[in-house]
Every structure is written in structure tokens, then in C-alpha cells.
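Student: A predicted structure for the sequence below; I have some questions about it.
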Amino acid sequence: MKYLTEFRNGEIAQRMAREIRQVVTRPWRIMEICGGQTHSIIRNGIDQMLPPGIEMIHGPGCPVCVTPLALIDKALAIAAQPGVIFCSFGDMLRVPGTDADLFQIKGLGGDVRVVYSPLDAVELAAKNPGKQVVFFGVGFETTAPANAMSVHLAKRRGLKNFSLLVSHVLVPPAIEAIMSSPENRVQAFLAAGHVCSVMGYWEYPPLADKFEIPIVVTGFEPLDLLDGIRRAIIQLEKGEHHVENAYERIVTYAGNLEAQKLLAEVFEPTDRTWRGIGVIPRSGWRLNDNYREFDAEERFQISGIHTEESPLCKAGDVLRGAIKPAECPAFGKECTPRHPLGATMVSSEGACAAYFNYGRFLSAEELAGGGVAYAQ
Amino acid sequence: MCLAIPGKVEQITNDGDARMGRVNFGGVVKNVCLDYVPDVVVGDYTIVHVGFALSKIDEQSALETLELFRTMGALDEELATEEEAFARAANAPQSPCPDGSCELTGRNLRTDPAKTESNQ
């Protein structure tokens, strides 16, 4: 890819990489939170430009991956109902529930639509008064203002046939959970740039203080990521821990106040289950009492859904620490990151995916001795 | 999923409910809600996520970012029409990680366990 060569050979990229090599005196582990950043790091080979010992740990910032299977099953059950127009972004179409995905539900006669914006779903509700229009709102803080505006407008327009199946997750509580885990290996964070374009970064200084970690607000482009990593390493080497903004062309400390105002009007914090991680307190938003009538979970009393992670999957045992991932009979055979059977293989940060990706297959000696270190 | 794409505001209308704009993303024009960026005027560049402008951005940064996202294939995905999205889904495998980041991080993937064992 021409761009990649230009980027790697580029004077600025080389200068940043050189500066990183010059300041590094010991290994460091840095987590990028956002799945988009993970994408960019791997695709542009940024991790390969870093000196040995600098490890990028990939965070739980893929909103679809952390959406519980039960909620996906609920979405499929609603989408299959007659009289429902079920709207989603295109990237949800092939996400598997227990028995099917949205694309298959459409094939079976469900009215599934792909929209560009949640406002398109509100428009559909206005044009189809005889139908119930549901929008599947999954995402981090970046997507929340769009979903908030959709219910706000639906309420103002008196649309009784619009609702939101909402599962918002939030970055700061995830950082808190990761840092509080006894297995934590993360020493610094790259905060997700576009999340911060909405929320600003006023939520992060208390986390940097509490856990004594550098947090650098970072963009998605290769140079942004190199710069974010460089700044995090400089702080780590100096023994400092504060919040820095390496994405000033987009992000301000306060964030988008108009968006935050509407978010506060529409949503309230709630505990959320993160697939593969478990419940994180106050780590999501749900519609508050003023907007509860637009909550699809309230409107469609879906019961009797059979949600089942694969019977071959031992994710529960892995999560409890009862077994190591490679001790599961399905590990690396029926279950791989491309065909995951359970939550811990879904997220790249899940224990099974980490073991798989780092090639940690148990040898006979390890099985006998029971000693496998976490992937290095 | 969380990518915001820069575009140029070409027209602003107020439909009574929301301040909307026609925003041009390197040739693809979409209707975008401008309520969260009240200071944006026609000719400005703004970054847009799922039909909502979130922040102003200077022209040079916008054009550079747009070109980069185009090279990375991100524009096709984010700005796809409904028909394009369904056509893509018809050819895509099921995946709990549609943005592909999980798969990308598995660069050391050893999909054939037998082969892996013989390598060890």
C-alpha cells in the first residue's frame, strides 16, 4: 500500500519513532482503548515501529464485541416481530445471536433496515404510523449524542411508534475496571479521540491521579497514534502521570457542551454487563424516567428468549479463573477469534483471544504442571 | 464504529426540529444534524459521526484526514447506502467483531491447530 510506505518512510513518523527509541530505557505496556485505534495501529504497523519491550495492549473498545449475547438475541426477537421496522447500522447485520443474525432475520421476512443516522429511523417512524420503528443503539460516548437526539426529537414530535434498544457503554468506568483488576498489566492509556470530542477529557484527571497512570488523548491517524504513544512513554520514563491532549485539532478539555447537555437530559448512568468482562458498575447509559417510554426493552416485553453461549465453551470457567483458556477442549479448534464460541474469544482483550493470538497453546508439560503464564 | 469523518458544510436548513446541513465527504453528500455545532457556518469543515456533526476542524486537517480514511477504506463503510450495506452483509461471514479489530490483532493466528502443535 503506497500510503503505508509513505507513512513509514515519512520524515515526521521516523523522527517520532527515533525520539521514542531515544527515551525508552525499559519495557512499558500501553493500552489503546478504542477498537478504531487498534485497527489503525495494526494496519499501519505502528507496533512494529516501536522499540522492543514497548507493548500495545488492545482495549475493550469495540462496542459490538462487548454487547451481551442476550441483548443481541433480544434485538433479533424484536426484529422478527410482525409490524416492526428494525433499524440498525450496517455493521450489526452479521453479528450472531444464539440462533441467527439480523441479515438472516431479514431473509426470513423481518423488516430490517440499515440507516446512516438514528434520525433516519425517526423519519421512518413518522412515515409509517402503523408500524413500530426500533433503532438498535449500540456504542460508546461518540454515538450517544445521535441516539439522544433521536429520542428527544421523537418525543417532541409525539411519535409513539419510535423506540430505542439502547446499550451504551462508557470509557472511564472501563479504565477504572481494568486498573482495579488484580491481573492488570496496563501502565498507560491512550484515550479515544472521538469519544473525547464529545465528552472532553475532564473525567480523566481523577483516574490518572488515583491509579498513577499517564492518559493521553489520541487520534486515529498513524501520526496521531505515534505521537500519543511517544507522549505516554515520555511520562512513564519521567515517572509522571497526568492527562495530556495529543488531539488538539478536535478535542477540548470541556468537550461538546451542547451534546453533553442533551445526554444529561436523556440518559442516566446504569450498571452494564460487558461481554467477556462482566458487570462494570455505572459503566453505561440508559434512558431516564422522562424518556423511558421510548425504551424498546420496556415497549416489547420480550420473554422466553433462549440465549446460550456455545455448550462447548468454558468461558465461565475461564472468567472465574478455574481453568486456563488452553485447557478448554474447544480452544483453537472449534473456537478461534474468527469463529468464537464464547465471550472470552470475542474481544481481542479476552483471555482466550489473548492466549490464541499470542500462540499460547498448552504443551503436555504445561498441562501436567498447570503453569502457564499470562501471554507475554 | 467510533470513527468521525470530516466533511464540508455546503448548505444549512432548519426543518423546525433540528438544524440540518448538506455535508460533502469528498464527493458523497449526506444530511447531517448540526445542532451540536451551533457555530458552524456554510463552508466550514466539521467531523461527523452517524449523521451528527461533533466538532469543527480546519480545512487542511480535514482534507488530509479524508484522504487517509479513503485510502484505509473507511469512507466506503461509514458512508455506505442501505443497498451497499446489505450487499456487503450478503458476502460477509458472521462476526461478533464487525470492525475487524479482533481479527486484525490476531496477526499471529494459527488457524490450523495440528500445524501449530507440529511447530512447537
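Tutor: Received the coordinates, thanks.
Student: CA atoms for contacts and neighbours, from now on please.
Tutor: Fine.
Student: which residues of chain A score low on pLDDT?
Tutor: Applying pLDDT under 70 to chain A flags residues A:1-9, A:276, A:315-323, A:342-344, A:346-351, A:354, A:357-376.
Student: Strands along that one, start to end?
Tutor: Ranges of strands within chain A are A:28-34, A:54-61, A:84-88, A:111-114, A:132-139, A:162-169, A:188-192, A:215-218, A:243-245, A:267-274, A:278-287, based on DSSP state E.
Student: between the ones you listed, which one is nearest to chain B?
Tutor: Closest approach to chain B among the strands of chain A (CA to the nearest CA): strand A:111-114, 5.2 Å.
Student: Can you confirm whether that closest one lies near chain B?
Tutor: Yes. Judged by CA under 8 Å from any CA of the partner chain, strand A:111-114 and chain B are in contact via A:113, A:114.
Student: Name the residues of the stretch 201-350 of chain A found near chain B, please.
Tutor: A:221, A:249-250, A:256, A:258-259, A:332-333, A:336-339, A:346-348.
Student: Tell me, how many residues neighbour the closest residue in space to residue A:174 that isn't next to it in sequence?
Tutor: Nearest residue to residue A:174 in three dimensions, chain neighbours excluded: residue A:283, at 6.8 Å (CA to CA, 6 or more residues apart in numbering or on different chains). Neighbour count for residue A:283, taken as other CA atoms under 10 Å in any protein chain shown: 21.
Student: Residue A:283 against residue A:268, yeah?
Tutor: No. Between residue A:283 and residue A:268 there is no contact under CA atoms under 8 Å: 10.5 Å.
Student: rewinding a little: quick check: of the residues of the stretch 201-350 of chain A next to chain B, which lies closest to residue A:117?
Tutor: Nearest to residue A:117 among these, counting by CA to CA, is residue A:259 at 15.7 Å.
Student: The closest one and residue A:110, how far apart?
Tutor: Using CA to CA, to the nearest Å, residue A:259 is found at 33 Å from residue A:110.
Student: Repeat that for residue A:134.
Tutor: From residue A:134 to residue A:110 the distance is 12 Å (CA to CA).
Student: By residue count, which helix of the chain is the longest?
Tutor: No chain was given, so I picked chain A. Looking across chain A with DSSP state H, the single longest helix is helix A:222-238.
Student: Hmm, no, I was thinking of chain B.
Tutor: Max-length helix for chain B by DSSP H is helix B:59-72.
Student: Next, the angle helix A:222-238 makes with that one.
Tutor: 100 degrees (axes from the mean of the first three to the mean of the last three CA atoms, to 10 degrees).
Student: Run through who's touching helix B:59-72.
Tutor: A:3, A:221, A:249, B:5-7, B:25-26, B:44-47, B:75-76 (CA atoms under 8 Å, 6 or more residues apart in numbering or on different chains).
Student: how many neighbours does residue A:11 have?
Tutor: Neighbours around residue A:11, by other CA under 10 Å: 11.
Student: Hmm, I typed the wrong one, I wanted residue A:206.
Tutor: Count around residue A:206 with other CA under 10 Å applied: 12.
Student: now swap in residue A:249 and tell me
Tutor: With other CA under 10 Å as criterion, residue A:249 counts 15.
Student: So it sits against residue B:57, correct?
Tutor: Yes. With contact defined as CA under 8 Å, residue A:249 reaches residue B:57; the gap is 6.5 Å.
Student: Check the residues of the stretch 201-350 of chain A next to chain B and tell me the two furthest apart.
Tutor: A:258 and A:333 (49.5 Å).
Student: Please export the C-alpha coordinates of stretch A:208-218 as PDB.
Tutor: Listed next in PDB are the C-alpha coordinates belonging to stretch A:208-218 (Å, rounded to 0.1, in the frame of the first residue of the first chain):
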ATOM      1  CA  ALA A 208      -4.700   9.400  36.300                       C
ATOM      2  CA  ASP A 209      -4.200  10.500  39.900                       C
ATOM      3  CA  LYS A 210      -5.900   7.500  41.500                       C
ATOM      4  CA  PHE A 211      -4.000   4.900  39.500                       C
ATOM      5  CA  GLU A 212      -0.900   6.900  38.900                       C
ATOM      6  CA  ILE A 213      -1.100   6.400  35.100                       C
ATOM      7  CA  PRO A 214      -0.400   8.600  32.200                       C
ATOM      8  CA  ILE A 215      -3.500   9.100  30.000                       C
ATOM      9  CA  VAL A 216      -3.000  10.700  26.500                       C
ATOM     10  CA  VAL A 217      -6.000  11.800  24.400                       C
ATOM     11  CA  THR A 218      -5.100  10.400  21.000                       C
END
